[in-house]
Structure formats: structure tokens, C-alpha cells
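Colleague: compute the structure for the input listed below.
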Amino acid sequence: MSPLDSSQNVMKKCSNPEHPHCTFWVLPGENVCAANHPQATIAPSSYDLLTALRSARSEPSATALPHAPAHDAVIQVASSPAPAAAAPRVLTPAAPAAYQPVQAHLHISGFDPRAAGGRQTLKMELRGMSANCAPQLTLRLRSDLIPRGHVQHDFVRTTRGDWRPVFVEFSSRNKEHGQYQIDVEVHSHVDGAVAQKWVCTFVILVPRRDATLTEIHQIFLSTHKNVRVMADDASIARVTGGDGCNLDVTARNAGIAHVDLSAPQGKIDMGFTTIAWDEELIEVDLPAASHCHPHPSQAACLVNAAPEAGEQRQIRLFALEECMLGRFELVDPEADVLLSHFSPDGQDNNGLTRRLSGRHAIIRRSQQGFEIEDVSRYGVLLDGVWPGKHKPVALRLGMRIELSASIKGIVVLSVTALLAHGVILHRIDHGARAECFYLLLPDTQPAPASHLATPQASCLPVLFHRNGGFWHLDKASGKETALAPATALDKLSGFARHNRFASEPYPECWIIRTEGAALCDSTMQTA
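Modeller: As a prediction, the model looks like this:
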């Protein structure tokens, strides 16, 4: 019998539920493992009680009292106090140490470095998060490995109090081998504003296409201290050699999982590997003024009641990671930016407007800036050339965008500003006096020094989106003002007179719907 199995020195593995992959042994009577993970209090087993009883019987003070019944001797031995020198080893469990709250962290698993140049999926589990945060948290990831450079998911709290895991897909296809950084942000929202924010950064290694498994595993064993080696069902899992490594080895399904850390350099052998690790989340202090916005919205409009020469009646604002351009529909529109044909007589929501697709083109952020992709059945012309369907093209200042390619002149837009946090589009058709568009990235600060704009867009105000709402930036003083229906826009730089803030991107549609509903009600009452 090994010392670990003897009754005098019973050791157990770490039992902290927040660290299931910890394999440090815990000595008898210790309340934390070598990694300082608090251990759950476990009631003594019947074997422990019997062992303590036998030890107590061997001491003189542990004998039964005269004339005591036989069955009372056990009770007297267990309850009577013994001298300090002869105290039994295990009678009651040791008092647990004060439990320290676990630091919030992401448990990342499922990464397989052997899938070089292919599609992979990371499983992210949120652990140790404070109970006073919102029941739904927003997870934002940014990396060159992720399609379009960013992705957003939601952590949702379950009825048990833990968090439903999130699966993030990425691909290293056509990527140069090396290390790629992934930036993580976790937001807790209150009334549409970011109330708490946690951040962390980790690195993913993309190996060479011709790298051997030995080279890949050698790199990961040297950089990750928490490695899980798995093989499925009824097979052999074995670890030999090594010192100070945190390994969890499981064997299943008639396979063999073997890790030899004492072999010569480059001879580490692993089978059926899955690499997992923890990344600590660091809470970032937010300014008190940024915790709320008086009027949260993802889309809005600036309405000019008396536009002068060169001014638009509506400046439509959108704060989306991806902005869909499509056909104007009064009921159940499919797009974010609703476009209709303007003739010399004004807006025409029928006729040529019907030759636009409900989902015609997408404008999104790319690694080089911003790009547009044709997703329609009628096509898009960029500077007079059709790029092809589902082929993103980078936007440039002054680019001419025509919808559609089959019939010219339905809708013609021009890129009048490329900003660090968005794009400004102006119409250059008969709707030029009617509207222009701000397509902004949510929760992104502007950088006026890096703006590229035509004279038409340079006179417009600097707007951005943060904490669920739109803001105005005074370029001279740097003052930030939240935009809401009650905001006096004529006192802000860049705004013309007679401007007001509307809560919807198409406030005229609300008027049409309201008048239509009133007309329908009056018709029904007359009938």
C-alpha cells in the first residue's frame, strides 16, 4: 500500500468547484491546496470515525466506566474529553478557513493547435463573477483571427446561478504562423448604459502548416501550466516525469493518453489533446458620468425644420457593428438604412424603389477600415463597377455607391467621410436635400485628428455613440454632450438652427403610421 493510501496519511485532490482542473494534492487537515484554492468542508467518513475510536480505546483514559453497559462504552469514549497528548487524530472536521471570493475569470477550453489553417471553436465559461452584476452580460472579442475583426455574444445567468457558456468560432486559414492577440471585454448594462466593465487579453498560437505534433505540444506545454489531456472510455491515461506541471489526464473509449515530460527535448508524446486555461478578468473603473445616458438608443435622427442651401432635412444616425442597407418598407423592414428612390417630384416609395432588395448591401468595419458587401439580387455599382456578390470591398473617400446595378439612378450615395469610429454617406441624387447618414460603431470614441472628410461633411457636427446613446463632441473645447429630445442643439457647434433630436431614425414613418391608424379607426367607427 502506498503512503498516499495509508490510513495515517490520507491525501485528496483539490476539491474546489471553481478550479476543476487543479490536480494539487491536499494534506490531511489542510484547508487550502498548494494553489491556495479553498477546500470544501467534508464530514468525516465512517472509516475516519472508526479509526479515531480505535485510537481512543488504546489510551488508558479511553476505557469505559465501571458497570457501564457495553453499548454505552462507545458513546462515553466518543464524548468524554481526552488529554491533549492522547487526543484522537480525527474526531471532528477542522474549522474551515474564511472563504475568499474567487476572482472573476474566463475558463477557455476546446483549443486544438493541430487544426492549423482550419476552423476552430473556443468554449468560454464565466466563473467567479459577482452576484450583484446584471443577469445578462455582453462579451466582446476583437482579434485578427475573428471574421470581420470582432464578434459579440451574451453571457446569460442560469437558474442555478452559474453562466451559460459561449462558443466563439475563428479561423486561422491564410494566416501567417505566430501569436495572435484576442482582446476581451465583458460589460454589465443598467438601463442601457455600461455600469461595469471587465477586460482581459490572451494569445492564441497559430503553428506552421508543416509543424509536427511534437513541436506544437512542446510550445503549449511550456506556456500553459494548466493542460488537460483526454482519451475516451476504458483506456489508459498516464503521466510520467515532470515537476510543477498542472495536468489533468483522463482515459476513455479504449484509447491511450500518455504524456512523458521526462523524455529528451522534443520527445513529448500526447494523445487526444484538449488545451484549457483560465484568464483573469480585471474590472475597469468607469467615470461616474459615463454610467448612464439620458436617452439610450441605437438609431436616431436629427431633423432640420427649415434647412438652408446645402443642408439636409434629416441626418439619420445608426450605431451598429454591421449596418444593412435596403429597400424602404413601412411595415416589417428588413434593413437598418431604409432607402427609396427620389424623383424630381420628391420621394417615391413605389415604382423604382421596388427594384431595391430588402437586404441590399452591408457596411461593416474591416481590418483595413470599413467595407461594403453586395448581398442583393440586383447588384451594387462601386465607382461604376460591379464587384460581385458577397465580395467585400474597402470603402474610400469619395467612392460612388449606386443601388442597383441593373437600373441606374435609383439610389446614388457618396462616401463623404471616413472616421475612426464610423462612416458618413451623402446622397448625390435627387434625394440630396432630403437625408444623409452617420454609420457609427457603438461604444467607440472619435479621433478627430484622423478624420478624412470632404468639405460637404466637414461642416457637420462630430457625433459618436457611447453607453447606449449618442453624444456630441465640441472639437474646440473637447466637451461631450449627450443628445436627447430635450437637448438644445442650436447651442452646440456644427448644428444649424431649427434642429431637433428624434428618437427614431425615420420619424416621418411614425407620423404616417399614426395617421394611417387614425384613418382606419375613423373608417371603422363610420361603418
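
Colleague: out of everything not next to it in sequence, what's closest to Glu308?
Modeller: Nearest residue to Glu308, sequence neighbours excluded (CB to CB, 6 or more residues apart in numbering): Ala496, at 6.6 Å. Placement of C-beta: from N, CA and C, glycine included.

Colleague: what does stretch 120-137 contact?
Modeller: 18, 101-112, 139, 154-157, 161-163, 165-172, 186-190, 195-196, 278, 281 (CB atoms under 8 Å, 6 or more residues apart in numbering).

Colleague: what subset of the residues you listed is buried?
Modeller: Among the contacts of stretch 120-137, those scoring as buried are 104-109, 111, 139, 155, 157, 163, 166, 168, 170, 172, 186-189, 195-196, 278, 281 (criterion: 16 or more other CB atoms under 10 Å).

Colleague: number of residues surrounding Asp374?
Modeller: 25 (other CB atoms under 10 Å).

Colleague: repeat for Arg365
Modeller: Quick note: Arg365 (other CB under 10 Å) scores 21 neighbours.

Colleague: mind listing what it touches?
Modeller: 148-150, 321, 371, 441 are the contacts of Arg365 under CB under 8 Å, 6+ apart.

Colleague: can you pick the most crowded of the residues you listed?
Modeller: Leu441 leads these on contacts (other CB under 10 Å) with 22 neighbours.

Colleague: now it: closest residue in space, sequence neighbours ignored.
Modeller: Going by CB to CB, 6+ apart, Leu441 has His421 as its nearest residue, at 5.1 Å.

Colleague: the chain: helices as residue ranges?
Modeller: Using DSSP state H, the helices of the chain run over 46-57, 70-79, 213-223, 455-458, 507-526.

Colleague: which of those comes out lowest on mean pLDDT?
Modeller: Mean pLDDT is lowest for helix 70-79 among the helices of the chain, at a mean of 37.

Colleague: so which of the buried ones among the contacts of stretch 120-137 sit within strands?
Modeller: Mapping the buried ones among the contacts of stretch 120-137 onto strands (DSSP state E) picks out 105-109, 111, 139, 155, 166, 168, 170, 186-189, 195-196, 278.

Colleague: do a quick rundown of the strands in the stretch 401-527 of the chain.
Modeller: Secondary structure of the stretch 401-527 of the chain (DSSP state E, counting those that start in this stretch): strands at 411-418, 422-427, 435-440, 452-453, 462-466, 469-473, 480-482, 499-502.

Colleague: elements contacting the last one?
Modeller: Going back to what we said before, that points to strand 499-502. If you count contacts as 3 or more CB pairs under 8 Å, 6 or more residues apart in numbering; DSSP states H and E, strand 499-502 packs onto strand 299-304.

Colleague: partners of the strand it packs on, with directions?
Modeller: Here strand 299-304 has these sheet partners by DSSP bridges: strand 314-319 (antiparallel), strand 499-502 (antiparallel).

Colleague: which one, of those strands, ends up nearest to Lys491?
Modeller: Among the strands paired with strand 299-304, the nearest to Lys491 by CB to CB is strand 499-502 (10.6 Å).

Colleague: surely Glu18 and Ala35 touch.
Modeller: No - using CB atoms under 8 Å, Glu18 makes no contact with Ala35, being 11.1 Å away.

Colleague: what do these two both touch?
Modeller: Residues touching both Glu18 and Ala35 (CB under 8 Å, 6+ apart): none.

Colleague: switch the strands paired with strand 299-304 over to a markdown table; also include distance to Ile401.
Modeller: Compiled in a markdown table, the strands paired with strand 299-304 are given as follows (distance: least, CB to CB, whole Å):
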| stretch | distance to Ile401 |
| --- | --- |
| strand 314-319 | 16 |
| strand 499-502 | 25 |
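
Colleague: reformat the ones you listed as a markdown table; add mean neighbour count.
Modeller: Output for the strands paired with strand 299-304, formatted as a markdown table (neighbours: other CB atoms under 10 Å):
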| stretch | mean neighbour count |
| --- | --- |
| strand 314-319 | 23 |
| strand 499-502 | 20 |
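
Colleague: since that was my last question, I'll sign off now.
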